[in-house]
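The following comprises the amino acid sequence and a computationally predicted model.
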Amino acid sequence: MSDVHVVYNGRNDDLTFDQVFTPERRASVGIAEGVVISSSNVTEDQMKRALSQYYDVGVGEFNDHFVELNPNGNVTVRPSTPFGM
């Protein structure tokens with residue numbers, strides 16, 4: 001099963017797509033009912049908006065997060081980290 005690994009606010013959460021994209025959230029981010037969600041058919045914007053709803057925060061909370069859509073179907077969402085600092 002594909003999943004979503006989220007690093008947010010000091011937490012590391014492993015979630016399923018069903019947890020992130022409930023029927024209500026699917027509709028609010030523009031994903032039709034019955035669509036099987038994976039990294040190949042979800043956008044970064046849809047992921048950020050659904051996660052903001054999951055965590056009950058404003059979508060701006062994820063502005064500085066990097067969304068990695070992995071070829072294996074998983075998604076990693078983490079803060080952007082500058083290297084060499």
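Noted; the coordinates are in hand.

going forward, measure contacts between C-alpha atoms and count neighbours the same way
Will do.

what ranges do the strands span in the chain?
Ranges of strands in the chain, per DSSP state E, are 3-8, 11-16, 65-69, 75-79.

Out of those, flag the one nearest Ser52.
strand 3-8 (10.4 Å; Cα to Cα).

circling back to that earlier point, columns mean neighbour count, distance to Gly34 and mean pLDDT on top of the strands of the chain, output as TSV?
Formatted as TSV, these follow (neighbours: other Cα atoms under 10 Å; distance: least, Cα to Cα, whole Å; pLDDT from 0 to 100):
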stretch	mean neighbour count	distance to Gly34	mean pLDDT
strand 3-8	19	17	94
strand 11-16	12	16	94
strand 65-69	18	21	92
strand 75-79	20	20	94
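
Throw those into JSON lines and include distance to Ser38, thanks.
Shown next, in JSON lines, are these (distance: least, Cα to Cα, whole Å):
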{"stretch": "strand 3-8", "distance to Ser38": "8"}
{"stretch": "strand 11-16", "distance to Ser38": "10"}
{"stretch": "strand 65-69", "distance to Ser38": "9"}
{"stretch": "strand 75-79", "distance to Ser38": "8"}
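
Compute the number of surrounding residues for the nearest residue to Arg26 once chain neighbours are set aside.
Closest residue to Arg26 apart from its sequence neighbours, by Cα to Cα, 6 or more residues apart in numbering: Ala32 at 6.7 Å. By the criterion of other Cα atoms under 10 Å, Ala32 has 12 neighbours.

any idea how far Asp3 is from Ala32?
Per Cα to Cα, to the nearest Å, Ala32 is found 19 Å from Asp3.

Spit out the contact partners of the most centrally placed residue in the chain.
Central residue check for the chain by Cα atoms, centre = their mean: the C-alpha nearest the mean position is that of Met47, 3.6 Å away. For Met47, the contact set (Cα atoms under 8 Å, 6 or more residues apart in numbering) comprises Val67.

could you redo the last one with a cut-off of 10 Å?
4, 17, 20-21, 29, 39, 53, 62, 67, 69, 75, 77 (Cα atoms under 10 Å, 6 or more residues apart in numbering).
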